[in-house]
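1. Output the structure for:
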Amino acid sequence: MGVCTIEIEINTSSGPEINTTGITAFSMPGWQLALWATAYLALVLVAVTGNAIVIWIILAHQRMRTVTNYFIVNLALADLCMAAFNTAFNFVYASHNIWYFGRAFCYFQNLFPITAMFVSIYSMTAIAADRYMAIVHPFQPRLSAPGTKAVIAGIWLVALALAFPQCFYSTITMELGATKCVVAWPEDSKGMTHLLYHLTVIALIYFLPLVVMFLAYSIIGLTLWRRAVPGHLAKSANLRHLQAKKKIVKTMVLVVVTFAVCWLPYHLYFILGSFQKDIYCHKFIQQVYLALFWLAMSSTMYNPIIYCCLNHRFRSGFRLAFRCCPWVTPTEEDKLELNHTPSLSMRVNRCHTKETLFMVPSEATNGQAGG
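-> Below is the predicted model of the structure:
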């Protein structure tokens, strides 16, 4: 929650001030602890189940293996791991103010949250870049499968490098007989090393990528909503294709906005705490922290719900995944939606459409974007 050396313990294993602690026990009435535990347990179950199904839908079905969807797999994997390996353990630590999980997991808890956040938001940024190239510059070369894997690997490597300093300075201490997992930053005159690192992390894993995505999706939106279908082309087919691209963009914009809204209060809380450390000494800050941390972690469970509601292929995949439930009845259309590739006539029509667009440059800018 922050650092108050007199009244209150804190723990923030998924962002700035990760896993630092004060000296007193985190206490609350049993009924409050039970309510918070229920809320966090529900979050973890929904996030892990939903993201695991998203990964299965994409990797188990050839038709779903596109560049955009590979980045969605990367995003889902980061969210799944964040929910499984950070949320529950951090809640236990915050609830008891005792680190039960050993030195190795202390290092991991100070390495992985920043890594997962970086991977999540830069996967969204990569999707925005891919959509930008597909819609704004449809005839430029697209990212290949090896290129996609290289970008994903690069995202993970940079994320690990960014999180490494916090992991490096992690340590186990004993305070008043209780084991603590803390980050022991090097001493300097004004604590500037600590502050600059955390402000840099917030800028790189939140504000900078959000600005990039805002600009990309603004240009994409203007391009799509101004685009007219050339009259001599097959209007209905091209209109459907254009509407499908608009729906993909709407889906990803909603994913980005949800992430931004969930994490903004949490980041503002720690930015404020960096300059006003006495806020951590207020009694109510315990409940504030648990609420803000729950909101931030809840970002891991919303994406599968968004995909299911706004994308018919993911909706079909979820019906197939839950087919063992008596209230879910998948249809043959659901299986066809995920397993069948476009017919030969559709592929020929798409090729003909692209050839026509190349032959008529003056109309290409207003025509169908290459998918």
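2. so residue 63 touches residue 317, yeah?
-> No: the criterion here is Cβ atoms under 8 Å, and residue 63 misses it with residue 317 at 10.6 Å. (Glycine included, C-beta is placed from N, CA and C.)
3. got a list of what the residue nearest the centre of the chain touches?
-> Relative to the mean C-alpha position of the chain, the nearest C-alpha, by Cα atoms, centre = their mean, is the one of residue 120, at 3.6 Å. The neighbourhood of residue 120, defined by Cβ atoms under 8 Å, 6 or more residues apart in numbering, consists of 75, 78, 79, 82, 259, 299.
4. helix or strand for it, which one?
-> Using DSSP states H and E, the secondary-structure element containing residue 120 is helix 102-136.
5. buried residues in that helix?
-> Neighbour-count burial for helix 102-136, with 16 or more other Cβ atoms under 10 Å as criterion, is recorded at 106-136.
6. Can you tell me how far the spatially closest residue to residue 290 that is not a sequence neighbour is from residue 91?
-> Counting by Cβ to Cβ, 6 or more residues apart in numbering, residue 290 lies nearest to residue 36, which is 5.6 Å off, once chain neighbours are set aside. Distance of residue 36 to residue 91, computed by Cβ to Cβ, to the nearest Å: 7 Å.
7. And the two? Which one has more around it.
-> For residue 36 against residue 91, the residue with the higher neighbour count under other Cβ atoms under 10 Å is residue 91, and the figures read 24 against 19.
8. Identify the residue spatially nearest to the more buried one, adjacent ones excluded.
-> Counting by Cβ to Cβ, 6+ apart, residue 40 is the residue found nearest to residue 91 once chain neighbours are left out, at 4.7 Å.
9. Need the three-state assignment for the one you found.
-> Using DSSP: H, G, I helix; E, B strand; the rest coil, the structure places residue 40 in helix.
10. just checking, next helix/strand downstream of the helix holding residue 120?
-> Sequence-wise, the next helix or strand beyond helix 102-136 is helix 145-168, with elements assigned using DSSP H and E.
11. quick one: buried residues of that following helix?
-> 148, 151, 152, 155, 156, 159, 160, 162, 163, 165, 166, 167.
12. how long is stretch 94-105 from one end to the other?
-> Taking Cα to Cα, to the nearest Å, the first and last residues of stretch 94-105 lie 15 Å apart.
13. I'd like the distance from it to the chain centre, please.
-> Once both centres are worked out by Cα atoms, centre = their mean, to the nearest Å, stretch 94-105 turns out to sit 25 Å from its chain's centre.
14. Let me see the mean pLDDT of that stretch.
-> Averaging the model's pLDDT scores along stretch 94-105 yields 83.
15. just stretch 110-127 next, same as before
-> Throughout stretch 110-127, pLDDT has a mean value of 94.
16. Distance from it to the middle of the chain?
-> If you compare the mean C-alpha spot of stretch 110-127 with that of the full chain, they lie 7 Å apart, counting by Cα atoms, centre = their mean.
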